[in-house]
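In: pasting the sequence and the predicted coordinates here, then a few questions.
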4 protein chains.
Amino acid sequence: MSGNSFGQLFRITTWGESHGKALGVVIDGCPPRLELSAEDIQQELDRRRPGRGKGASPRQEKDRVEILSGIFDGKTTGTPISLLVWNEDVDSRPYEELKNVFRPGHGDFTYQAKYGIRDHRGGGRASARETIGRVAAGALAKKILQGEGIEILAYTVELGGIRVEERDQGEIEKNPLRCPDRKAAEAMEARIDEARLRGDSLGGVVEILARGCPAGLGEPVFDKLEADLAKGLMSIGAVRGVEVGAGFQVARMLGSECNDPLDSTGFTKNDAGGILGGISNGADIVLRTAVKPIPSISVEQTAMDSSGRSVSLRIQGRHDVSAIPRINPVCEAMVAIVLADHLLRQRALKGE
Amino acid sequence: MSGNSFGQLFRITTWGESHGKALGVVIDGCPPRLELSAEDIQQELDRRRPGRGKGASPRQEKDRVEILSGIFDGKTTGTPISLLVWNEDVDSRPYEELKNVFRPGHGDFTYQAKYGIRDHRGGGRASARETIGRVAAGALAKKILQGEGIEILAYTVELGGIRVEERDQGEIEKNPLRCPDRKAAEAMEARIDEARLRGDSLGGVVEILARGCPAGLGEPVFDKLEADLAKGLMSIGAVRGVEVGAGFQVARMLGSECNDPLDSTGFTKNDAGGILGGISNGADIVLRTAVKPIPSISVEQTAMDSSGRSVSLRIQGRHDVSAIPRINPVCEAMVAIVLADHLLRQRALKGE
Amino acid sequence: MSGNSFGQLFRITTWGESHGKALGVVIDGCPPRLELSAEDIQQELDRRRPGRGKGASPRQEKDRVEILSGIFDGKTTGTPISLLVWNEDVDSRPYEELKNVFRPGHGDFTYQAKYGIRDHRGGGRASARETIGRVAAGALAKKILQGEGIEILAYTVELGGIRVEERDQGEIEKNPLRCPDRKAAEAMEARIDEARLRGDSLGGVVEILARGCPAGLGEPVFDKLEADLAKGLMSIGAVRGVEVGAGFQVARMLGSECNDPLDSTGFTKNDAGGILGGISNGADIVLRTAVKPIPSISVEQTAMDSSGRSVSLRIQGRHDVSAIPRINPVCEAMVAIVLADHLLRQRALKGE
Amino acid sequence: MSGNSFGQLFRITTWGESHGKALGVVIDGCPPRLELSAEDIQQELDRRRPGRGKGASPRQEKDRVEILSGIFDGKTTGTPISLLVWNEDVDSRPYEELKNVFRPGHGDFTYQAKYGIRDHRGGGRASARETIGRVAAGALAKKILQGEGIEILAYTVELGGIRVEERDQGEIEKNPLRCPDRKAAEAMEARIDEARLRGDSLGGVVEILARGCPAGLGEPVFDKLEADLAKGLMSIGAVRGVEVGAGFQVARMLGSECNDPLDSTGFTKNDAGGILGGISNGADIVLRTAVKPIPSISVEQTAMDSSGRSVSLRIQGRHDVSAIPRINPVCEAMVAIVLADHLLRQRALKGE
């Protein structure tokens, strides 16, 4: 229980279901006297809204954030910041027929097994709308990081089996998939169109880069920086794998290839992804997450109903083809939250 | 700070440096009335000792565990269990010349950057000996899990670029690399011999399987089961990536391939790796970790010394070629600790 | 930081300022399938509203609670429960002149010292309105406790120097001060009238009784039941002391007087207040808290302004004469929250 | 569970039973580069040893502390500090006859009720020897506080019904009871002699003073400074009440008496005990704890045995008449630990 909070000093608690009244987050431990407006948060929320990119569902909430506490005269006060987004565009009727069906790839079966009750409407708490709170809190975390010159960027490096061959950061904002390789982006869009026609969905890989992070963040041996980052990213619904730096590729490297030499100029390459011994080393932090295909597909599937019988299922309704690129700002948010938390933890230590 | 504890209800705190007086762990929250002997723990510790398998270093501690508290009449009492292993076979002289050198691939540079001081002897706190406390605590966690019929098994599925082609569990205990494919095991051993001759080291992939886990473990949305497992595994020194079920392969799958159908007989395949919506679904839990090559190599490297100058470095002394297979019981321990913790958390909920 | 959450398994996070948009609480870890309506919570909130009893201020919010998440079909789902109360009747103008004054007995000076910024309106986060979240969460905790036959009752045993001479529980609901001694209640009311005329305020003592609590709650050695109860009660704004059972009176007792004998019928007296060795013993849990006089008085006082100058101050506006009896349901709530949390912690243990 | 850790950033975990092999503590989160020797800790441990003062038992351990980790070249390294004291002078035979008896005033009954098993020897985990870990950790906390000019002092203000009439701090170290009033000290000693002759025991009140504490420590609304202090003190075995500043006396004060005026020179009195709104205000922090009489008395008592029958009991063996003055350094340690923890928490905030 109590699994809905994250972070130690910069600590967020999210709440809300897809078709409930509202969703929100409480951020505790935000340093005082940071300038913060609803617009700062809204910008981030708008980046995760539907209708942004080819893979998107047509659900069109406005998702306007309200700041309910913790801000005075446009500045944080050090008291908890409560942020809320009302659920406006909710039509639960399509879910009525799914009430007693455990959809493949969803948490329906496991929520029922765990709690003995579940809000089936729109996936309830297991909906991707849950990430609204994360992204809103991430906007604050980014504010803290900006003060230290740290910047977070998430972009798409693989989608539907197509991988980028180059990483041109100037390209990222130019295509709706946030892909740093223009040619790859076009091929990805085509792949999305195909999948949509078939009523199927696609997975991919998001890479997250943190630039400007000072050496010294991370608290071995359990709260190593990559350990907390892995937890944060793996806690996002669609993520099935996390790697840092060379990641799984280390399995095929020699020690003499994998080690990053450092000389009087610093590290001469960055297969470590900016983290050594669980502590940031001053280089760019580089992470990748594996994102599974959206489980709601209109292709026919076999499922179980709540009485234990097999049923055939075609999921109707508005669904994205891929969690990418809407998941990208969520990945950014989680990385920002972890870094902000560790930045505060390191301040406590350095104060000495 | 306070990064040396792990778990919520079953909570471990480890301490100790490679060349300090001793290493140990305090386990708090272990249920009372479990039978436990030093031998139960020793068996697990012996599995992570050096000299087990081809890639091993010759350091030969006995690593005898002492139980200092929490056990009475051979049973746990519900009070904290303190376990200690003395550091006996310590020769710090070879490290004297490394005192002012930041070895590539090690935490030397980052510990210095973070704390402004470090125990350089044998890697200090960043040594793999730190995992003694994890493995000792894992022995207790396994006891708790056994009472529920849950079993954890870690084995090698890739080493030095060689991947298993089959998973014959009967084979695992028959070769020192804990590889479930006899032919692959032989090729891996040959690869280790080559690397040792060159003074180089090898990475690989360890797969961890948890069988018999009931549906219902995991606490969304942040303490999802895979999120805590990812943190636990990623907190192990050499681990650079973690994936669950199909893992990074989901990036190349269609939704219709990736979803595990469930019918009246249950799940008909297991690409989810036993976890849906952050909660165990009753199927086998399957995880993989990417293990980097041992950074201590006798191949010549460029390093920085503490005054910021470039130095040439050849690391002498006793070092494994690969963290595999000694890391396997550490992976088992971390998975056991996470599952035991979530089992207790679920009991609190189910008690209702 | 992160000081706005309380509890381990039953965990509450409160937020909100006196004159902000709203106040609220998120409850994480509430067991699923409990029946809960807004009315259940409203009843408790109504007990802490102004205008209840002689010492009350005329501020007349409706303080209607809204349930925003975590409830489905009238039952808890195991997901976080977000409760919100809008601030409706807010007039911040009287506080404008206090903007730069540190009022004696208030947190004005210390909030400024700590955060370098403060919301001065109505005391901001330090207002007694902050307890709305506690009382709302306490309503849930009471639901959990009711399921185990545990009942919490707070009543007034001293006010303005007048102490009760008897504890007739039937009397408590019959007078607005929740005093179990009718004669004392009348004298207390008279004392309140006097103090109000003088523009002064009064302190007192609230006793809290928990009946039906099973033996076994409490987690030594730091999370002893009385330790968590003391923290919970001492975290209420006006509380300056907490004692359990005979409390400070133990200083004047012999061991042979203080020890509660137990024989085949159980404990034959209860000077321990139901807790031994940090664990409930099955007897009534008895606690008392010292409640300081409301610091906002219209008697002239010396204060400091934000430029460090002495100023003379007469606080105008609507203020209670005593925090009693409005603080009583807050005390009940905190005791209920601690007991519910420890009940869940004990379930995790007993599940074995 | 997991109740054996305390603190957020400066976090201690204690372990050990009275008649087990050893007792100890792990301190995580201690800032690096503090000079620390075993002697620094030993000095504090010697202050809580038996045989110091009239009320003392003759048990004569040496209680030599061993530092097992976290110190290098005489300085803290930022890694966990493990401290251990062996149990040398253990004779468990006198406890054999108490094996099946629940002694009044002890945790015997409740430990059995909670855990279904207990180490009866010397009170097991519920023994006052458990405080060794607290005092050892407190020595570190004091080091941190000294660096900020903060000093903690605990002294006896009441014992066996005798209260001090003056607080002459120069007197404290001059008498074994740590009483700041020489005449009162003499009367207390006489009272102890009487009680010892009768085989009875005495309670008292310890006052704790923290000088030099900056304004700004404490994290409202739940981790208020007095709330954490109350928890820390109430978690000590014999403590039955905690108050801050005027404490329970506030119940009899008018607001105009209770409020501490502040003018251009600061606070002109200190009934708040140095804490306002849950945050230190820069004045001395003043706390008092009610200490119950030692429950082990040779006066005849009625008890229950484990089969539920009434038995008559006279406890033999070596027992103090009063927990005072040995509890005084334990109170100091807990206050030091809370203040050190909040100092680090405030650093994280102030770093901004």
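Out: Structure's in. What do you need? Numbers count the residues shown, from 1 in each chain, chains lettered A, B, ... in the order given.
In: and the helices in the stretch 151-300 of chain A, which stretches?
Out: Ranges of helices in the stretch 151-300 of chain A, per DSSP state H, counting those that start in this stretch, are A:169-172, A:182-198, A:225-234, A:255-258.
In: what's residue A:28 sitting at in phi/psi?
Out: Backbone torsions for residue A:28, taken as degrees, to the nearest 10, come to phi -110, psi 140.
In: how about the one 3 residues further on?
Out: Summarising the backbone geometry of residue A:31 under the convention degrees, to the nearest 10, its torsions are phi -60, psi 150.
In: residue A:344 is in contact with that one, correct?
Out: Yes - counting by C-beta atoms under 8 Å, a contact exists between residue A:31 and residue A:344, whose distance comes to 7.3 Å. All C-beta spots, glycine's among them, are computed from the backbone N, C-alpha and C.
In: neighbour-wise, which of those two wins?
Out: When residue A:31 is set against residue A:344 and neighbours are counted by other C-beta atoms under 10 Å in any protein chain shown, the residue ahead is residue A:344, at 28 against 25.
In: for that one, which three-state class applies?
Out: Classification of residue A:344 using DSSP: H, G, I helix; E, B strand; the rest coil returns helix.
In: right, and it touches residue A:11 too?
Out: No - because the distance of 9.9 Å does not satisfy C-beta under 8 Å, residue A:344 is recorded as not touching residue A:11.
In: give me the contact list for the helix-or-strand element of chain A with minimal mean pLDDT.
Out: Evaluated with mean pLDDT, DSSP states H and E, the helix-and-strand set of chain A has its lowest mean pLDDT in helix A:93-96, which scores a mean of 80. Counting by C-beta atoms under 8 Å, 6 or more residues apart in numbering or on different chains, the neighbours of helix A:93-96 from elsewhere in the structure are A:19, A:120, A:121, A:122, A:316, A:317.
In: widest-spaced pair of those residues?
Out: Farthest pair in the contacts of helix A:93-96 (C-beta to C-beta) is A:19 and A:316. Separation: 16.2 Å.
In: tell me which of those two has more neighbours.
Out: Taking neighbours as other C-beta under 10 Å, residue A:19 and residue A:316 compare with residue A:19 leading, 19 against 11.
In: residue C:35 versus that one, what's the distance?
Out: Residue A:19 sits 21 Å away from residue C:35, taking C-beta to C-beta, to the nearest Å as the criterion.
In: ok, now residue A:200?
Out: For residue A:200, the distance to residue C:35 (C-beta to C-beta) stands at 42 Å.
In: between those two, who's got more neighbours?
Out: Each of residue A:200 and residue C:35 had its neighbours counted (other C-beta under 10 Å), and the higher figure belongs to residue A:200 (21 against 11).
In: so which residues on the stretch 101-250 of chain A come close to chain D?
Out: A:147, A:220 (C-beta under 8 Å from any C-beta of the partner chain).
In: can you show me the strands along the stretch 101-250 of chain A?
Out: With DSSP state E, counting those that start in this stretch applied, the stretch 101-250 of chain A shows strands at A:101-102, A:151-159, A:162-163, A:204-211, A:239-244, listed in chain order.
In: which of these is buried the deepest?
Out: Among these, the stretch with the highest mean neighbour count (mean count of other C-beta atoms under 10 Å in any protein chain shown) is strand A:239-244, at a mean of 29.
In: report the distance from it to the chain centre.
Out: In terms of C-alpha atoms, centre = their mean, to the nearest Å, the centre of strand A:239-244 is set 11 Å apart from its chain centre.
In: list the neighbouring strands of that strand plus their orientation.
Out: Its sheet considered, strand A:239-244 pairs with strand A:285-291 (antiparallel), strand B:239-244 (antiparallel) by DSSP bridges.
In: got a markdown table for those strands, with mean pLDDT too?
Out: Converted to a markdown table, the strands paired with strand A:239-244 look like this (pLDDT from 0 to 100):
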| stretch | mean pLDDT |
| --- | --- |
| strand A:285-291 | 98 |
| strand B:239-244 | 98 |
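In: now those as JSON lines including distance to residue A:27?
Out: Written out in JSON lines, the entries for those read as follows (distance: least, C-beta to C-beta, whole Å):
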{"stretch": "strand A:285-291", "distance to residue A:27": "22"}
{"stretch": "strand B:239-244", "distance to residue A:27": "27"}
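In: ok so, going back, deepest-packed of the helices of the stretch 151-300 of chain A, please.
Out: Ranked by average neighbour count under the criterion mean count of other C-beta under 10 Å, the helices of the stretch 151-300 of chain A are headed by helix A:225-234 at a mean of 29.
In: anything in it near chain B?
Out: Yes - Helix A:225-234 lies in contact with chain B when judged by C-beta under 8 Å from any C-beta; the contacting residues are A:226, A:227, A:228, A:229, A:230, A:231, A:232, A:233, A:234.
In: residues in contact with that helix: which ones?
Out: A:6, A:208, A:217-218, A:239, A:242, A:244, A:273, A:275, A:278-280, A:285, A:287, A:289, A:331, A:334-335, A:337-338, A:341-342, B:222, B:224, B:226-235, B:240, B:242, B:244.
In: follow-up on the earlier one: and the residues of helix A:225-234 next to chain B, which is closest to residue A:193?
Out: Taking C-beta to C-beta as the measure, residue A:193 lies nearest residue A:233 of the residues of helix A:225-234 next to chain B, at 28.4 Å.
In: look at whatever residue of the stretch 51-200 of chain A ends up closest to chain D and give its secondary structure.
Out: For the stretch 51-200 of chain A, the nearest residue to chain D under the criterion C-beta to the nearest C-beta is residue A:78, separated by 6.9 Å. In three-state terms, and counting by three-state DSSP, residue A:78 is coil.
In: that one contacts residue C:113, correct?
Out: No - using C-beta under 8 Å, residue A:78 makes no contact with residue C:113, being 11.5 Å away.
In: so how far is chain C from the closest residue to residue A:331 other than its chain neighbours?
Out: With C-beta to C-beta, 6 or more residues apart in numbering or on different chains as the criterion, residue A:331 has its nearest non-adjacent residue at 4.4 Å, and that residue is residue A:154. In this structure, residue A:154 and chain C are separated by 26 Å, where distance is defined by C-beta to the nearest C-beta, to the nearest Å.
In: now swap in residue A:278 and tell me
Out: Taking C-beta to the nearest C-beta, one finds residue A:278 at 22 Å from chain C.
In: can you pull the contacts of that residue?
Out: A:218-221, A:223-227, B:107, B:110, B:126, B:235, B:237.
In: could you dump those to TSV with pLDDT?
Out: What follows is the contacts of residue A:278, written out as TSV (pLDDT from 0 to 100):
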residue	pLDDT
A:218	98
A:219	98
A:220	98
A:221	98
A:223	98
A:224	98
A:225	98
A:226	98
A:227	98
B:107	97
B:110	98
B:126	96
B:235	98
B:237	96
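In: need those residues in a markdown table with distance to residue A:101, can you?
Out: Compiled in a markdown table, the contacts of residue A:278 are given as follows (distance: C-beta to C-beta, whole Å):
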| residue | distance to residue A:101 |
| --- | --- |
| A:218 | 44 |
| A:219 | 44 |
| A:220 | 46 |
| A:221 | 44 |
| A:223 | 40 |
| A:224 | 41 |
| A:225 | 41 |
| A:226 | 38 |
| A:227 | 37 |
| B:107 | 50 |
| B:110 | 50 |
| B:126 | 50 |
| B:235 | 38 |
| B:237 | 45 |
